[in-house]
Structure formats: structure tokens, C-alpha cells
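In: Okay, sequence plus prediction incoming.
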Amino acid sequence: MQKRKLVYEGKAKRLFSTDDDELFISEFKDDLTAFNGKKKSSESGKGALNNKISVELFKLLQSHGIPTHFVKMIDDNHMLHKKTNVILIEVIVRNIATGSLSKNLGIKDGTILPFTLVEFDYKNDALGDPKLNDQHALLLGLVDFQDELDKLRRMARQINDILRPYFAKKNLNLVDFKLEFGKDSSGNIIVIDEISPDNCRFWDMTTKEKLDKDRFRQGLGGLSMAYQEILNRILG
Ligand code: 5GP
């Protein structure tokens, strides 16, 4: 399958049409951004690592019956996937408090949450991805029905129930992550985008070392090595 027209360029990926109306190709870029695009850099090999990690995690989810847009990996930086109507809600799943949860609500960084928290952010760079409640999401027409919001939450929890123990076996705490969803040509809600250290936080269970994009956000260095370590543990 060949790339045809550039349909959209995001911060971390380029999206191309193909000869098949139902399929798109994503090209994973080496670009890094944080703080709503205010901090920018590039790290050679990052795109390929995120593609490979996402491929493995989409395959894992599909093997558990979770529908995703993944079709196949084309090469190091390219993934073939279904075309969807993107739902402009970022679904955030949290097992341990850190990041914006600690900042906004004053919960001590590293606190293990008594239950898994699922939050919705409005996927809107111009507004800085603000928090949404269900009524906001319905008011904005981001979904058609309350049932769809309930489904996003249910799928997010199912995914956490698959990924959290999977990573625990690899001595990694899945601290939190962001999911995106779209509707396929039949109207089914499926997981889209990527699942990678760009949008998940992974902490080594023993050393507490951060093996994700916080290395860039916090200027810790060693980003490629951390992402490679995540891929090695997934494949190991
Ligand atoms: P926080 O709200 O603490 O900044 O992020 C929570 C989790 O969601 C983190 O794993 C973070 O990587 C992910 N996340 C939230 N918003 C975004 C976003 O706009 N882009 C990316 N790549 N990840 C996000």
C-alpha cells in the first residue's frame, strides 16, 4: 500500500490517504513537543520506536477483543490503519497520581490511587486541551449520546485492565496514559492514534526511573534509551 495525499500533519505524525478509501497511513515523526507545543525538539529514531511499540500494543489489545484502527506495520516509521471519524476527546486513565492531576488537585506525586481514574480532555490545542465533564462533551457535540461517553469510559478501563498487569510483569508501573478513539465506517467506536511512551507514563517498579516522554518534558535526557527499553521489555 502506497502513501498518496498528505491529509493532515500533527505534532508527532503525518497522515496520508491511500488507494483504499477506508485506509490511511500514519508516518511517525522524530519530532517532540510538550506543553502544548511550547517546547520543541527532535530525537532520531523516536518515531520508529513509537510505531513499533504501538504496533505491539495494538496487537495485544486486538488479541483481547478490543477493536483498534491498526491494520499492519508497513516499515519502521509507517503504520497502515483504518480511517475513522476522530472523536475529539482525549481519554486519560490514571493509576498513580502525577502530572496535571498532582498539579491541579494537590495530590502528592506518586500516590497510588484507590481506584482507576478516567478523565476526558477536549482535544483542542487552541484551548490547551481543557478538562471536560459529560455535559460539556454533549454540549459541544463531541459525541451524540451519553451511551457513547459511557462506552469510552468502559473501553478505557478494559484497556487499563489489560495493559496494567501486562506491564507489571515487565517490572513497569503503568502510571497513566491517554487514549484516542474514532468511529469506523460502520459507526463502531475503535481505539486510534498510538499507544507509546509519548502518551503513556511508565515508571520502573524497582528504580522508579521514568521511561517515557517526561524525560523530555522535565529535561532529564536519555529519551531514546528509555523508549528502546520499553520496546525491549515488550518484546522480551
Ligand atoms: P497529564 O494530564 O498528567 O499531563 O497527562 C496524563 C497522561 O496523558 C500522560 O501519560 C500523558 O502522556 C498523556 N497525555 C495527556 N494529554 C496529552 C497530549 O495532549 N499529548 C500526549 N502525547 N499525551 C498526553
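Out: Cool, the structure landed.

In: Next up, the contacts around the residue of the chain found nearest the ligand.
Out: Residue nearest to the ligand within the chain: residue 99 (2.2 Å; CB to the nearest ligand atom). Using the backbone N, CA and C atoms, a C-beta is placed for each residue, glycine as well. With contact taken as CB atoms under 8 Å, 6 or more residues apart in numbering, residue 99 is in contact with 176, 201, 214.

In: Distance check, residue 97 against residue 11.
Out: Residue 97 sits 26 Å away from residue 11, taking CB to CB, to the nearest Å as the criterion.

In: Likewise for residue 58?
Out: Residue 58 is 20 Å from residue 11, by CB to CB.

In: neighbour count winner among the two?
Out: A direct count of neighbours by other CB atoms under 10 Å for residue 58 and residue 11 places residue 58 higher, at 22 against 14.

In: any residue of the helix ranked longest in the chain up close to the ligand?
Out: Ranked by residue count, the top helix of the chain under DSSP state H comes out as helix 146-168. No - using CB under 6 Å from any ligand atom, helix 146-168 stays clear of the ligand, with a minimum separation of 11.5 Å.

In: Scan the contacts of residue 99 and report the most crowded one.
Out: Busiest of the contacts of residue 99 [other CB under 10 Å] is residue 176, holding 25 neighbours.

In: Make sure it is actually in contact with residue 96.
Out: Yes - Residue 176 is within contact range of residue 96, at 6.9 Å (criterion: CB atoms under 8 Å).

In: Find residues that contact each of those two.
Out: Joint contacts of residue 176 and residue 96 (CB under 8 Å, 6+ apart) do not exist.

In: Now do the SS call for residue 60.
Out: helix (DSSP: H, G, I helix; E, B strand; the rest coil).

In: End to end on stretch 105-121, go ahead and measure it.
Out: 16 Å (CA to CA, to the nearest Å).

In: residues touching residue 206, list them.
Out: residue 171.

In: quick one: which helix or strand includes it?
Out: Using DSSP states H and E, residue 206 sits within no helix or strand.

In: Keep the contacts of residue 99, but drop any that are not near the ligand.
Out: 176, 201.

In: Which ones among the contacts of residue 99 lie within helices?
Out: Within those, residues falling in helices by DSSP H are residue 214.

In: With pLDDT added, can I get the contacts of residue 99 in CSV?
Out: CSV is the format used below for the contacts of residue 99 (pLDDT from 0 to 100):
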residue, pLDDT
176, 98
201, 98
214, 98
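
In: near the ligand, which residues of the protein?
Out: 90, 92, 99-101, 129, 176-178, 198-201, 213.

In: let's see 8 Å
Out: 11-12, 36, 90, 92-94, 98-103, 119, 121, 123, 129, 175-178, 198-201, 212-214 (CB under 8 Å from any ligand atom).

In: just the buried members of those residues?
Out: Using 16 or more other CB atoms under 10 Å as the burial test, the residues of the chain next to the ligand include 12, 90, 92-94, 98-99, 101, 119, 121, 123, 129, 175-178, 198-201, 212-214 as buried.

In: Sounds good, over and out.
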